[in-house]
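Engineer: Model the following, please.
(2 chains)
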Amino acid sequence: DMKVTQMPRYLIKRMGENVLLECGQDMSHETMYWYRQDPGLGLQLIYISYDVDSNSEGDIPKGYRVSRKKREHFSLILDSAKTNQTSVYFCASSFGQGNTEVFFGKGTRLTVV
Amino acid sequence: GDSVTQTEGPVTLSEGTSLTVNCSYETKQYPTLFWYVQYPGEGPQLLFKVPKANEKGSNRGFEATYNKEATSFHLQKASVQESDSAVYYCALGITGNTRKLIFGLGTTLQVQP
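Structural biologist: Residues are numbered from 1 along each chain as shown, chains lettered A, B, ... in the order given. The predicted structure follows:
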């Protein structure tokens, strides 16, 4: 079953705490993504990973970092979370280059208070 | 740069009426064009894609033609159903060294019975 799994689904953190969002996929896709979704702003690309330890900044990388040590896992880290990082975060994966279907997880709703 | 612009929402229609969601794109590369649909509580999922200029894609009664000359990819459906209520995203897939998927801001469709 082709699936992108995100954990946790809901998370509340205090400002200044560190946040780890985890993502896994079972399709051996080489490309993985982190997006955030905010009302009126659509889906904004934070980071893209082309394979293990091959990561590239997206359009809004500031305040985030990523880690990909295995092809199946891609983590998003927020060091010292800020209230403006409250959002819904989506992980996604695809096989090959930008002309193939991208599969999304169900999202993590992060609230920073 | 690469960008996608689509109809602002929300769009409210009655069941049985026709739908058009406009999408235009800008890129100097050779893109693949996609329409994604997102239901509440879910991540976006592929509706269909069109990799070649002047070809049409379709799924579940929705269709769109990749018009290279007009740089457009408008989504249409002849008769919408209440179950079509969702957010629709036009997306531009870029290949090559900077492969990525760029989304429009999304159009919320509400279909009333």
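
Engineer: Looking at strand pairing, list the partners for the closest residue to residue A:60 other than its chain neighbours.
Structural biologist: For residue A:60, ignoring the flanking residues on the chain, the nearest one in space by Cβ to Cβ, 6 or more residues apart in numbering or on different chains is residue A:44 at 5.1 Å. Backbone N, C-alpha and C define where each C-beta goes, glycine included. According to DSSP bridges, the partner residues bridging residue A:44 are residue A:36.

Engineer: Same check on residue B:94?
Structural biologist: Residue B:94 has these beta-bridge partners by DSSP bridges: residue B:100.

Engineer: measure it to residue B:106 for me?
Structural biologist: Noted for residue B:94: a distance of 19 Å to residue B:106, by Cβ to Cβ, to the nearest Å.

Engineer: Between these two, which is the more surrounded one?
Structural biologist: residue B:106 (26 against 19; other Cβ atoms under 10 Å in any protein chain shown).

Engineer: tell me how far the ends of stretch B:57-71 are from each other?
Structural biologist: Stretch B:57-71 has an end-to-end distance of 15 Å (Cα to Cα, to the nearest Å).

Engineer: How far off centre is it?
Structural biologist: In terms of Cα atoms, centre = their mean, to the nearest Å, the centre of stretch B:57-71 is set 8 Å apart from its chain centre.

Engineer: Ok, stretch A:28-39 next?
Structural biologist: Relative to the centre of its chain, stretch A:28-39 is centred 5 Å away, using Cα atoms, centre = their mean.

Engineer: which residues touch it?
Structural biologist: For stretch A:28-39, contacts defined as Cβ atoms under 8 Å, 6 or more residues apart in numbering or on different chains pick out A:21, A:23, A:25, A:43-51, A:58, A:60, A:64, A:66, A:68, A:71-72, A:74, A:76, A:87-97, A:102-103, A:107, B:99-101, B:103.

Engineer: Can you give me the first-to-last residue distance of stretch A:91-105?
Structural biologist: Span of stretch A:91-105 from end to end, Cα to Cα: 6 Å.

Engineer: Roughly how far does the closest residue to residue B:20 other than its chain neighbours sit from residue B:18?
Structural biologist: Using Cβ to Cβ, 6+ apart and skipping residues adjacent in sequence, the residue nearest residue B:20 is residue B:76, 5.2 Å away. Separation of residue B:76 from residue B:18 (Cβ to Cβ): 7 Å.

Engineer: which strand residues sit across from the residue of chain A found nearest chain B in the sheet?
Structural biologist: At 3.0 Å from chain B, residue A:104 is the closest residue in chain A, using Cβ to the nearest Cβ. Taking DSSP bridges, one obtains residue A:92 as the residues bridged to residue A:104.

Engineer: and the residue most central in space within chain A, what element?
Structural biologist: Nearest to the mean C-alpha position of chain A, by Cα atoms, centre = their mean, lies residue A:34 at 2.9 Å. Following DSSP states H and E, one finds residue A:34 within strand A:31-38.

Engineer: repeat for residue B:58
Structural biologist: strand B:56-59.

Engineer: Could you list the residues in contact with that strand?
Structural biologist: Applying Cβ under 8 Å, 6+ apart, the contact partners of strand B:56-59 are B:33, B:35, B:47-50, B:63-66.

Engineer: try it again with 7 Å
Structural biologist: Applying Cβ atoms under 7 Å, 6 or more residues apart in numbering or on different chains, the set of residues contacting strand B:56-59 from outside is B:47-50, B:63-65.
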